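K.L.:
Sequence first, then the predicted structure, then my questions.
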Amino acid sequence: MKETVIDIIADQLDVDKADIQGSTNFMEDLDADSLDIFQVLSEIEDELDIVIETDENVQTVDQLVAHIEKAQNN
Amino acid sequence: MSKIIATGSYLPDKVVTNQALIEQTAIDSSDEWITQRTGIEQRHFATAEQTVSDLAVEAAQDLLKQVGPEVVQEIELIIVASMSSKLPTPSVASQVQRELGTKEAWAFDISGACSGFTMAVEMAEKLSRDKTSGYTLVIGAEKMSSILNFEDRGTSILFGDGAGAILIQHDGEGLEDYQSQLVSIPDPDNSICVNPDEKMTMEGRAVFNFVLRQVIPSLSNFIKTQVGTFDYLISHQANKRFFEVFAKKLNVSLDKIPANISQVANTSAASIPILLDGLVKSGDIPLTGKQKVVLVGYGAGLAWGQMSFKL
């Protein structure tokens, strides 16, 4: 699943997959803004057929993966 | 059927590029950043003396040039959508009525922020069904520069001033093939707000969340279940990047989602009629009744409106 997430992030933000690690911070490392992050979330929701809770900030790839796992377990 | 027979618009003479805005204010930004993140290259700002009703009247007069001044006395209804008038009363619509010289008409405003024009069209369409003659004038007009905090990068780079108008000729029925859906949902945080000190605040994350999770799925369902194929999606101009998401989620070509945000920025309730007028004047929408359009406006409330009809 993490590979799929990284693929989507790379595609949406137009960045190299090699630059995306678990600790990668969307805003600080990938120059993303809020709309970028929501676009990534939206694509992941469509791809994995889940709804991700977004009340909390999603700042890093690991945090995003944790939200996805939580959504998949609900 | 009732039909839209003319459109008009007005953009103030003063053009403010991103670079000029940065130099004239305390905003920490760059032309490149603004263009890349929003699609906005410039906006128009009214003079200090110009009021929202001045902009609305200019748009109406532009429209009337195409149909002739004799129409003025046959206007039965004037609806203005605006969130930025400094004069709570009389309504902007009443001021437009006075300035145009319309002797007797029902004139009122709608405060629906960026979805205000869709609310005004809905009201106009429904009310026009009872009228077998005469016209309805619907205007979106905003002087957003008067409510912006120019120290706030999150809002001050996004908005511009302007007005747009449409004229509906009544024929005892509504607009052809008219379908609509208007929705408001509670917003406990006032994500988009003009404070008592008259300056605007906006919580960008909440607004993006609203657009991506509420507006786009609703619009997609509306088009699938009530519209089918269409020629143009005439969207509120909030952020160029939304159009790419719209195209992808709705599975339509970007060519069907025209945009003028690069030149006029977000003019709130005026954005849809200004864009529509540009398409009419360019010949892309010749008002022959053969094209189907979808309008979508969304913003503070939180609220959104979507409608389709032939024009």
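P.N.:
Arrived safely, thanks for sending.
K.L.:
Excluding covalently adjacent residues, which one is nearest to the residue in the stretch 51-200 of chain B positioned nearest to chain A?
P.N.:
The stretch 51-200 of chain B approaches chain A most closely through B:Gly154 (9.8 Å), counting by CB to the nearest CB. To be clear about C-beta, it is placed using only N, CA and C from the backbone, and glycine gets the same treatment. Spatial nearest neighbour of B:Gly154, excluding adjacent residues (CB to CB, 6 or more residues apart in numbering or on different chains): B:Gly204 at 5.7 Å.
K.L.:
Just give me the longest helix of the chain.
P.N.:
The chain I'm using is chain A. helix A:34-48 (DSSP state H).
K.L.:
meant chain B, my bad for not saying
P.N.:
helix B:52-67.
K.L.:
Who are the packing partners of that helix?
P.N.:
Applying 3 or more CB pairs under 8 Å, 6 or more residues apart in numbering or on different chains; DSSP states H and E, one finds that helix B:52-67 contacts strand B:3-10, helix B:92-100, strand B:135-143, strand B:161-169, helix B:271-282.
K.L.:
Give me the distance from the last one to the chain's centre.
P.N.:
Distance of helix B:271-282 from its chain centroid, counting by CA atoms, centre = their mean, to the nearest Å, is 10 Å.
K.L.:
Next secondary structure element downstream of that helix?
P.N.:
Going down the chain from helix B:271-282, the next helix or strand is strand B:292-299, by DSSP states H and E.
K.L.:
Direction included, what does the helix or strand following that following strand pair against?
P.N.:
Heading C-terminal from strand B:292-299, the first helix or strand you meet, by DSSP H and E, is strand B:303-310. The pairing partners recorded for strand B:303-310 under DSSP bridges are strand B:179-184 (antiparallel), strand B:292-299 (antiparallel).
K.L.:
Can you dump the C-alpha atoms of the first one in PDB for me?
P.N.:
When you say that, I think you mean strand B:179-184. Extracted C-alpha coordinates of strand B:179-184, given in PDB (Å, rounded to 0.1, in the frame of the first residue of the first chain):
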ATOM      1  CA  GLN B 179     -32.200  21.900 -13.700                       C
ATOM      2  CA  SER B 180     -30.700  23.100 -10.400                       C
ATOM      3  CA  GLN B 181     -29.500  22.200  -7.000                       C
ATOM      4  CA  LEU B 182     -28.600  24.700  -4.300                       C
ATOM      5  CA  VAL B 183     -27.200  23.600  -0.900                       C
ATOM      6  CA  SER B 184     -25.900  25.200   2.300                       C
END
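K.L.:
Could you list every helix and strand that the next helix or strand after that strand packs against?
P.N.:
Scanning forward in sequence from strand B:179-184 by DSSP H and E, the next helix or strand is strand B:192-194. Applying 3+ CB pairs under 8 Å, 6+ apart, one finds that strand B:192-194 contacts strand B:200-202.
K.L.:
Show the average pLDDT along the helix or strand following the strand it packs on.
P.N.:
Reading on from strand B:200-202 to the C-terminus, the next helix or strand found by DSSP H and E is helix B:204-210. On average, the pLDDT along helix B:204-210 is 82.
K.L.:
Downstream of helix B:204-210, the next helix or strand is which one?
P.N.:
Next helix or strand after helix B:204-210 toward the C-terminus (DSSP H and E): helix B:216-222.
K.L.:
Quick check: buried residues in that next one?
P.N.:
Within helix B:216-222, the residues scored as buried using 16 or more other CB atoms under 10 Å in any protein chain shown are B:Ile216, B:Ser218, B:Leu219, B:Phe222.
K.L.:
Run a quick neighbour tally on B:Cys114.
P.N.:
Using other CB atoms under 10 Å in any protein chain shown, B:Cys114 has 31 other residues around it.
K.L.:
The one 4 residues further on now?
P.N.:
B:Thr118 has 28 neighbours, counted by other CB under 10 Å.
K.L.:
dump the residue contacts of the residue lying closest to it once chain neighbours are set aside.
P.N.:
Setting aside the residues directly before and after it, B:Thr118 is nearest to B:Gly305 in space (CB to CB, 6+ apart), at 3.0 Å. Contact analysis of B:Gly305 by CB atoms under 8 Å, 6 or more residues apart in numbering or on different chains lists B:112, B:115, B:118-119, B:121-122, B:180-183, B:295-298.
K.L.:
Against B:Met200, how distant is the closest residue to B:Val293 other than its chain neighbours?
P.N.:
Leaving aside its chain neighbours, B:Val293 sits nearest to B:Tyr232 (4.9 Å; criterion: CB to CB, 6+ apart). As judged by CB to CB, to the nearest Å, B:Tyr232 and B:Met200 stand 29 Å apart.
K.L.:
The two: which has the busier surroundings?
P.N.:
B:Met200 (24 against 21).
K.L.:
Could you list everything that one pairs with in the sheet?
P.N.:
Here B:Met200, judged by DSSP bridges, has bridge partners B:Val194.
K.L.:
near chain A, which residues of the stretch 201-311 of chain B show up?
P.N.:
B:Gly204, B:Arg205, B:Phe208, B:Asn209, B:Leu212, B:Arg213, B:Asn239, B:Arg241, B:Val245 (CB under 8 Å from any CB of the partner chain).
K.L.:
related to what we said a few turns ago, which one of the strands paired with strand B:303-310 has the most crowded surroundings?
P.N.:
strand B:292-299 (a mean of 25; mean count of other CB atoms under 10 Å in any protein chain shown).
K.L.:
Got phi/psi on the residue of the stretch 51-200 of chain B closest to chain A?
P.N.:
When read as degrees, to the nearest 10, the backbone of B:Gly154 gives phi -70, psi -20.
K.L.:
separation between it and B:Ile22?
P.N.:
Distance, B:Gly154 to B:Ile22, using CB to CB: 14 Å.
K.L.:
Can you pick out the residue with more neighbours from the two?
P.N.:
Neighbour count, other CB under 10 Å: between B:Gly154 and B:Ile22, B:Ile22 has more, with 19 against 14.
K.L.:
Please tell me how far that one sits from B:Glu151.
P.N.:
Where B:Glu151 is concerned, B:Ile22 sits at a distance of 12 Å (CB to CB).
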